[in-house]
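sequence? don't have it. structure:
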């Protein structure tokens with residue numbers, strides 16, 4: 001995660017820098033605020049996930065690329081784990097924790113590929129205009 005976010009911060013455009021920054025801040029906030037048991041709805045993590053969703057959506061709205069919309073959509077999907085736990089309090093804590101974490105890996109992959117393609121495109125454009 002740190003290498004992908006660092007790559008996005010140093011090589012990415014505004015959309016990638018926003019997504020990478022949100023990943024880093026949300027990760028640290030989640031580690032600091034979660035109870036660790038996942039036996040009931042993690043309200044602090046719910047707030048962090050909601051703020052991350054809004055930040056990812058903002059990045060998608062300002063972007064001229066499609067990949068930030070995928071990140072935003074996957075964050076929304078991930079956040080649905082909180083709803084599942086609220087609806088069914090008997091949901092196993094492991095299943096709840098997995099639902100919150102699962103989509104982070106594809107989101108990081110999308111961030112890495114989106115940043116790489118954007119950086120490659122900017123290099124190609126600068127070579128053709130020179």
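That came through fine. Given the structure is predicted, the values throughout are model-derived calculations rather than measurements.

Quick one: the strands in the chain, in order.
Applying DSSP state E to the chain gives no strands.

for it, what's the longest helix?
With secondary structure taken from DSSP state H, the chain has its longest helix at helix 104-129.

Just give me how far it sits from the chain centre.
Distance of helix 104-129 from the chain centroid (Cα atoms, centre = their mean, to the nearest Å) equals 17 Å.

So for it, what gets flagged as buried?
Within helix 104-129, the residues scored as buried using 16 or more other Cβ atoms under 10 Å are 104, 107-108, 110-112, 114-115, 118-119. For glycine as for every other residue, the C-beta is placed from the backbone atoms N, C-alpha and C.

What of stretch 59-75?
Residues 59-60, 63, 65, 67-75 are the ones in stretch 59-75 that count as buried (16+ other Cβ under 10 Å).

what about the helices in this protein?
With helices called from DSSP H, the chain shows them at 2-11, 14-33, 43-62, 67-87, 93-101, 104-129.

want to try TSV for those helices, with mean pLDDT as columns?
Output for the helices of the chain, formatted as TSV (pLDDT from 0 to 100):
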stretch	mean pLDDT
helix 2-11	98
helix 14-33	97
helix 43-62	97
helix 67-87	96
helix 93-101	92
helix 104-129	92
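
Show residues contacting stretch 9-27.
1-2, 4-8, 48-49, 51-52, 55-56, 58-60, 62-63, 65, 68, 71, 107-108, 111, 114-116, 118-119, 122 (Cβ atoms under 8 Å, 6 or more residues apart in numbering).

re the thing from before, save the buried residues of helix 104-129 as CSV, and put in distance to residue 26 too.
Listed next are the buried residues of helix 104-129 as CSV, based on distance: Cβ to Cβ, whole Å:
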residue, distance to residue 26
104, 9
107, 11
108, 12
110, 16
111, 13
112, 17
114, 18
115, 18
118, 22
119, 23
